[in-house]
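**Q** what shape does this take:
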Amino acid sequence: MKSLEELRELRKKVEKEIKMRKDNSAPKIIIGMGTCGIAAGAREILQAVMEEINKRDLDVEVSQTGCIGMCEKEPLMDVKLPGKDRITYGNLKKEDVKRIIVNHIINTNVVAELVIARLEE
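**A** Residues are numbered from 1 along each chain as shown. Have a look, this model is predicted:
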């Protein structure tokens, strides 16, 4: 930190990240971060999600969860839009993240070929 302005910018960024984790009316993304998920690349998926959301200035709540027992399908990402079913995407690659953000989060179209589970509301 070299200036008060830099501190203000950092505060603004951190407040936005905290809001992304707590907003109940916003779409939700949950990344599986159990040991199996991390070994399969979940950290890279989480990083790609955060970069895409920040780049597009989206209002999305992002959180992490532990192992849910679908180790062979890792890395996993759940998407829950308000009033819609919770969709679980699996066997993800970093390149899939942009497609899911654009199609599912922004345009509300499920990326069917990446879906491994659906939890009805």
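**Q** and the helices in this protein, which stretches?
**A** Here the chain has its helices, by DSSP state H, at 4-22, 35-40, 42-56, 94-100.
**Q** could those helices go into a markdown table alongside mean pLDDT and distance to residue 118?
**A** (Glycine included, C-beta is placed from N, CA and C.) Formatted as a markdown table, these follow (pLDDT from 0 to 100; distance: least, Cβ to Cβ, whole Å):
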| stretch | mean pLDDT | distance to residue 118 |
| --- | --- | --- |
| helix 4-22 | 79 | 24 |
| helix 35-40 | 96 | 19 |
| helix 42-56 | 97 | 19 |
| helix 94-100 | 98 | 14 |
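**Q** just send those back as a markdown table, with distance to residue 77 and mean neighbour count too.
**A** Output for these, formatted as a markdown table (distance: least, Cβ to Cβ, whole Å; neighbours: other Cβ atoms under 10 Å):
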| stretch | distance to residue 77 | mean neighbour count |
| --- | --- | --- |
| helix 4-22 | 15 | 11 |
| helix 35-40 | 10 | 18 |
| helix 42-56 | 6 | 18 |
| helix 94-100 | 7 | 17 |
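**Q** turn those helices into TSV, including distance to residue 120.
**A** Converted to TSV, those look like this (distance: least, Cβ to Cβ, whole Å):
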stretch	distance to residue 120
helix 4-22	25
helix 35-40	24
helix 42-56	24
helix 94-100	19
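**Q** mind checking which of those is nearest residue 64?
**A** With respect to residue 64, and counting by Cβ to Cβ, the nearest of the helices of the chain is helix 42-56 at 7.1 Å.
**Q** by contact count, what packs against that closest one?
**A** strand 28-32, strand 61-65, helix 94-100 (3 or more Cβ pairs under 8 Å, 6 or more residues apart in numbering; DSSP states H and E).
**Q** so can I have a markdown table of the ones you listed showing distance to residue 49?
**A** Listed next are these as a markdown table, based on distance: least, Cβ to Cβ, whole Å:
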| stretch | distance to residue 49 |
| --- | --- |
| strand 28-32 | 6 |
| strand 61-65 | 6 |
| helix 94-100 | 6 |
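**Q** minimum distance to residue 81: which of the ones you listed has it?
**A** Of all these, strand 28-32 comes closest under Cβ to Cβ, at 8.0 Å.
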